[in-house]
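K.L.:
what would the 3D arrangement of this be:
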Amino acid sequence: MHVNQDDFPPLPSIPNPHQLVTYDPAWVYTSACAGGGGMALLRVWRTADGGRLAIVTENGIAVSITNAAEEISAALTARCTGPLVVLEHYPAGDGAPHDRLDQVLAVPGSTPRWRPVWPTSSANPDYATNRAWMDTYGTTLLAAPTR
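P.N.:
Predicted coordinates for the structure are as follows:
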């Protein structure tokens, strides 16, 4: 199955960015990679469309969240109701001088795909939309409890 950039669901509206549905600083996930799994910070919010937004933050313990994207997406889909948007968060200092946020699309039977959310170049066709989402929600969501 081929996945196009247009197949990514839009970044959702978050009615209450200060109200977490799930906060798990030591969320354990499995992976088919050699390490067998890892641990990450998991934060989940309700979205305006009745779904969920999950931000999974890399902490460098065992298999990376990128290498376990399929398993993480499947685990979150199984536990969340309604539409789900999964974002990978790499904090500043983990290979870049700034935080990185990427949307993950893991469709069963297809290779996972990533779409940069922030930062993006002003030449990126999604720049204005992503900038507005970050200004409205993203900055607040990333500042939600991390410890």
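
K.L.:
so which residue is smack in the middle of the protein?
P.N.:
Within the chain, one residue has its C-alpha closest to the average C-alpha position: by Cα atoms, centre = their mean, that is residue 87, at 1.1 Å.

K.L.:
sec struct for that residue, please.
P.N.:
Per DSSP: H, G, I helix; E, B strand; the rest coil, the local secondary structure of residue 87 is strand.

K.L.:
how about it: what's its closest non-neighbour residue?
P.N.:
In this structure, residue 87 finds its nearest non-sequential neighbour in residue 55, 4.8 Å apart by Cβ to Cβ, 6 or more residues apart in numbering. C-beta here means a position set from N, CA and C on the backbone, and glycine is covered the same way.

K.L.:
before we move on, what about residue 99?
P.N.:
If the residues on either side of it in the chain are set aside, residue 99 comes closest to residue 92, at 5.2 Å by Cβ to Cβ, 6+ apart.

K.L.:
and the pLDDT for that neighbour?
P.N.:
Among the per-residue scores, residue 92 shows a pLDDT of 87.

K.L.:
count of residues packed around it?
P.N.:
Applying other Cβ atoms under 10 Å, we find 10 residues neighbouring residue 92.

K.L.:
same question for residue 48.
P.N.:
By other Cβ under 10 Å, the residues close to residue 48 number 10.

K.L.:
contacts for the biggest helix by length in the chain next, please.
P.N.:
Longest helix in the chain by number of residues, with DSSP state H as the criterion: helix 69-79. The contact list for helix 69-79 (Cβ atoms under 8 Å, 6 or more residues apart in numbering) reads 29-32, 37, 40, 44, 52, 54, 56, 65, 84, 86, 88, 104, 106, 108, 112, 114.
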